[in-house]
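A.B. asks: Sequence isn't available, so here's the structure alone:
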């Protein structure tokens, strides 16, 4: 079958998709976007977390056909997504009732292409930069899913408590870090975000 | 965006070098950031499962559905005829005389031959144009098994009529084991434990059980094999030791080693589980047979069968002490289940036996450790490697002894703590700082986490946050029936490969001037598995060569072996090799400088010269020349092997010998809350103090300690591969049924880092990765015992062990 959906603001199309293929498989193997990870392929580890119409989902549990016509954001588009969100709601917090990114807003932005290899990247989203700075990345296999989940948390709850962070990230397994530095990273990103708003 | 912006010749995901500059000096001792950090947070870092090649096929492994059986026949007809299938391989298709592999003993068949010895053993391979096609074709292969009785424990392994797991053993352990179903046996006898027992006022004994733990690295076994024009193969793979893989792969393919070119792809964790081969040979066989690139990626179910696990163990211990708490003697017997193939079992036996006493002074000991062959899943390396199982038991014993003596458990440990100069049971002196008592003092001195920490004050008084309680969001208690407990433990781990192994590493370091700036390139075969070795290599190069820009070359087999990313050894050994090669580069650079500029300044001949800030300076700080002027367009390029001091094998009868290189110590205090009615445990703090010798990168050091601590927590309260004792089949091969700690299960982990230099090691550093995995588990167990008053002699503890239901 053929599937069409939008990934990181760009229309994507894949042909000859077997009906049993997951969104994760199509992203990784057919669209050249292997950033979303395949640690369990059974919805337990969160490493494949993407936003589907804004909602964080395990893309291994979404049939590719279910994504037809919908908006997907992956870790590859996270920096641009965060930048766009910032542009759309400068200096506003949840209290103003403008939390999150509307579908309409999500449709109007585009990720910049990358060459897929260069270390000379790119401005990062606050949560990406915080993960590096706090030492929250070791092997990094859980990182893409955690970043997508943490970014969504900070979008809806800009000043989360530690228990809020733990609850929001409890669907993302990490085997290397013991999570302490992941908590540090999310706290750091929240603090920097608050700083930027002031 | 192009869907596949990739050239056909170079597979997508091929690692490229990473250059890291630094505003600051960025040398050792600083918390510089990972050079691969940006790639990892943008999703661009290519793991072995991300590799992609034009026209690639997908490989799939058919595994045995039974644990022990003769294979009467294999019918591949229907599978071969499936559209989209390019090859189906069985044992009969293996191209070379060598058909087995193994780390030390080559007892593992590449594909089963006439017999399967454990559940999930590889029997056949399929290559097809889609992974699902390969899976479905594999399901059409018909295998006729004649099942055999299963061997699952010591009694069934050594019974008079026991089937031999491996007939006709000719390995170098067969001569000293009491039964062919025992892989290796190591006794360690020192002093006279029986005579010493007569002096004891108190003797405590215990039988302990350690469950089978899985490494559960998140990046599945995976890789890409690309056939090359010269008849060889390029293999991109995630492993812990490229050259060890190569040594096992090439003979089975019937190729010389230089025709198997391996490149390390991104590795999603390892923890010992990638020491053994998984899909490496299989992907190469399929690629060479089909003439096409072949990608293999295990799913989590297959991953549980695709790598060895931590040895489950049964341990019997006896400790004696005088009334004032001094240990008189220790006797123990440790039975490790190695499963169907040897893997690292002999070395695990060596560790378990030589570290069986732990970090204590006991002069009279009688120790025996064995590893079995059985039909259980093969077991081998996992973080802590034999020392973990022993620590669980001897620390439980120390608490038991303290209770029998009516002493404080920390005080008893401190009273018997080893120090620099203490002899191990092997007769080897510990010749570097051993701050065991101090580590315990530090964790004990920490303030306790507040009582009833689930209560949060708010405007209307206080409210319960169930997320901080046992049972969590299941909302099973608001504090009723919840009891707090506190427990302590300390452990001793060896660093590096022991028992006379030639444990060397190789580093190639190049220095040249690019665009007017000196740049160092570090090329090793070290497997970066997440531990941060690449960060540390760049720091060492900056410190030794006085440059800012350091390029880390991808790890491959074009440079000499780095040894394994195991045994907490890489910062010590490959770090040492990088330091050593940098020193050689520095000498050559200075020699060039003397040749060019020596006549202009007498300091070139007389002063101690350093490289700092891109310049040659005297030890007094006077600048003699810039590196750019010294080198001009010349490059200095050095590749050298480096070795730590040699070790000796343990005597096969007495266990005596200077078998270890270095030691690593950590202590934990666990604070738990237990819902005693439901048997649910919430660990609320797991404080650690560890001596690291020298923290080359403090941020990474703390990250390693917290990660290791959490794996120890996992096997204390949740992680266990359940093997059916009747069938030897694995019952929980998934993350649904094999639970590892989530962020909600993991407490805050405050870390106290000591830096007491080991003068034998580069920069005084100690290997750090494993020690925290040892003491974490027994500390949690001790805390649960403290809360419940139960004996709890097995790990992991499950709710029914607490409730008795």
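C.D. replies: Everything's here; your move. Only a predicted model underlies this, so the values are computations on that prediction, with no experimental measurement involved. Numbers count the residues shown, from 1 in each chain, chains lettered A, B, ... in the order given.

A.B. asks: May I ask which helix or strand of chain A has the lowest mean pLDDT?
C.D. replies: helix A:103-107 (a mean of 46; mean pLDDT, DSSP states H and E).

A.B. asks: quick one: is the following helix or strand past that helix near chain B?
C.D. replies: Per DSSP states H and E, helix A:103-107 leads on to helix A:126-133 as the next helix or strand towards the C-terminus. Yes: figure legend: helix A:126-133 in contact with chain B (C-beta under 8 Å from any C-beta of the partner chain); contacting residues A:128, A:129, A:131, A:132, A:133. Placement of C-beta: from N, CA and C, glycine included.

A.B. asks: possible to save these as CSV with pLDDT?
C.D. replies: Below are those laid out as CSV (pLDDT from 0 to 100):
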residue, pLDDT
A:128, 98
A:129, 97
A:131, 98
A:132, 97
A:133, 97
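
A.B. asks: ranking these by neighbours, who comes first?
C.D. replies: Neighbour counts for the residues of helix A:126-133 next to chain B, by other C-beta atoms under 10 Å in any protein chain shown, peak at residue A:128, which reaches 30 neighbours.

A.B. asks: Spell out the residue ranges of the helices in chain A.
C.D. replies: If you assign secondary structure with DSSP state H, the helices in chain A sit at A:23-25, A:78-88, A:103-107, A:126-133, A:143-156, A:162-168, A:180-197.

A.B. asks: how about the nearest residue to the residue nearest the centre of chain A, chain neighbours excluded?
C.D. replies: Relative to the mean C-alpha position of chain A, the nearest C-alpha, by C-alpha atoms, centre = their mean, is the one of residue A:148, at 2.5 Å. Leaving aside its chain neighbours, residue A:148 sits nearest to residue A:49 (4.6 Å; criterion: C-beta to C-beta, 6 or more residues apart in numbering or on different chains).

A.B. asks: Need the pLDDT of that neighbour.
C.D. replies: Here the pLDDT value assigned to residue A:49 is 98.

A.B. asks: Around chain A, which positions in the stretch 301-450 of chain B sit nearby?
C.D. replies: With the criterion set to C-beta under 8 Å from any C-beta, the stretch 301-450 of chain B comes near chain A through residue B:301.

A.B. asks: Domain ranges for the chain, per the record?
C.D. replies: I'll assume chain A. Described in terms of automatic domain parsing, the domain architecture of chain A consists of the residue ranges A:3-73, A:78-111+A:120-197.

A.B. asks: my question was about chain B
C.D. replies: Domain assignment for chain B, taken from automatic domain parsing, gives B:57-148+B:220-267+B:274-298, B:154-214+B:309-390, B:427-497+B:660-803, B:504-643.

A.B. asks: Would you format those as TSV with mean pLDDT and mean neighbour count included?
C.D. replies: Conversion of these to TSV gives the following (pLDDT from 0 to 100; neighbours: other C-beta atoms under 10 Å in any protein chain shown):
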stretch	mean pLDDT	mean neighbour count
domain B:57-148+B:220-267+B:274-298	98	21
domain B:154-214+B:309-390	98	22
domain B:427-497+B:660-803	96	21
domain B:504-643	96	21
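
A.B. asks: Output those as JSON lines; include the columns distance to residue B:20.
C.D. replies: Conversion of the domains of chain B to JSON lines gives the following (distance: least, C-beta to C-beta, whole Å):
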{"stretch": "domain B:57-148+B:220-267+B:274-298", "distance to residue B:20": "17"}
{"stretch": "domain B:154-214+B:309-390", "distance to residue B:20": "27"}
{"stretch": "domain B:427-497+B:660-803", "distance to residue B:20": "13"}
{"stretch": "domain B:504-643", "distance to residue B:20": "5"}
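
A.B. asks: Tell me which of the ones you listed lies nearest to residue A:62.
C.D. replies: Comparing those against residue A:62 with C-beta to C-beta, the closest turns out to be domain B:57-148+B:220-267+B:274-298 (16.7 Å).

A.B. asks: and the end-to-end length of that closest one?
C.D. replies: 14 Å (C-alpha to C-alpha, to the nearest Å).

A.B. asks: Nearest residue to the closest residue to chain B within chain A in space, ignoring adjacent ones along the chain?
C.D. replies: Distances between chain A and chain B by C-beta to the nearest C-beta are smallest at residue A:35, namely 2.1 Å. For residue A:35, the nearest residue in space outside its immediate sequence neighbours is residue B:43; the separation is 2.1 Å by C-beta to C-beta, 6+ apart.

A.B. asks: can you check residue B:485 too?
C.D. replies: residue B:787 (2.8 Å).

A.B. asks: Same check on residue B:710?
C.D. replies: Among residues not flanking residue B:710 along the chain, residue A:178 sits closest, at 3.6 Å (C-beta to C-beta, 6+ apart).

A.B. asks: Return the residues in contact with that neighbour.
C.D. replies: For residue A:178, the residues meeting the contact criterion (C-beta atoms under 8 Å, 6 or more residues apart in numbering or on different chains) are B:703, B:706, B:707, B:708, B:709, B:710, B:746, B:749.

A.B. asks: Fine, thanks again, bye for now.
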